[in-house]
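**Q** Can you look at this prediction? I've put the sequence above it.
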Amino acid sequence: MVQDVFYWRAVTGLSVEHITARLDADHDRYPPPGTHTSWPPAAVETMLTDIKYTGYQATGTRDENGAFRPVEQWVLSDQPAHRALVTPALFWAAQDPATSVRRIPHRLLAPVHGFTAHGDGKEAR
């Protein structure tokens, strides 16, 4: 399920709302989290911005107000802490679905060259 969500965002460019609709269309395959009867968009947004799905742990990703810090300020584990569910390239591509996956550096945990993170968690050129 996690791989599907990242694929839909990074490769097909679906919005969070469209991803939520796909998940809600098949609750047998994609049961909503917890006690929810449908997928909250916030759950999809949280999934797409959580670097733990690459297998690495990160601290300092958000400031005291909950806004994303620039990627350069994140403290990442040196080695994977657990099995990855998505590649780092797919994770970074999902941060800006307008960017072609083929342009994403495959160097481990390298953000897209020329992009910087903004406080809203989105990246811009």
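**A** That came in fine, so what should we check first? None of these values were measured; they are calculated from a predicted model. Residues are numbered from 1 along each chain as shown.
**Q** Tell me the helices and strands packed up against whichever strand or helix holds Asp4.
**A** Element membership of Asp4 [criterion: DSSP states H and E] is helix 2-10. Contact analysis of helix 2-10 by 3 or more Cβ pairs under 8 Å, 6 or more residues apart in numbering; DSSP states H and E lists helix 16-25, helix 41-48, helix 88-95 as its packing neighbours. Placement of C-beta: from N, CA and C, glycine included.
**Q** Just send those helices back as TSV, with distance to Thr59, mean neighbour count and mean pLDDT too.
**A** Formatted as TSV, the helices and strands packed on helix 2-10 follow (distance: least, Cβ to Cβ, whole Å; neighbours: other Cβ atoms under 10 Å; pLDDT from 0 to 100):
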stretch	distance to Thr59	mean neighbour count	mean pLDDT
helix 16-25	25	16	96
helix 41-48	16	17	94
helix 88-95	17	23	88
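**Q** Point out the one among these that comes closest to Pro80.
**A** Closest to Pro80 of the helices and strands packed on helix 2-10 is helix 88-95 (Cβ to Cβ; 10.2 Å).
**Q** Now do the closest one against helix 41-48: the angle between them, please.
**A** 150 degrees (axes from the mean of the first three to the mean of the last three Cα atoms, to 10 degrees).
**Q** re the thing from before, will you turn the helices and strands packed on helix 2-10 into JSON lines that also has distance to Pro32?
**A** Converted to JSON lines, the helices and strands packed on helix 2-10 look like this (distance: least, Cβ to Cβ, whole Å):
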{"stretch": "helix 16-25", "distance to Pro32": "8"}
{"stretch": "helix 41-48", "distance to Pro32": "8"}
{"stretch": "helix 88-95", "distance to Pro32": "20"}
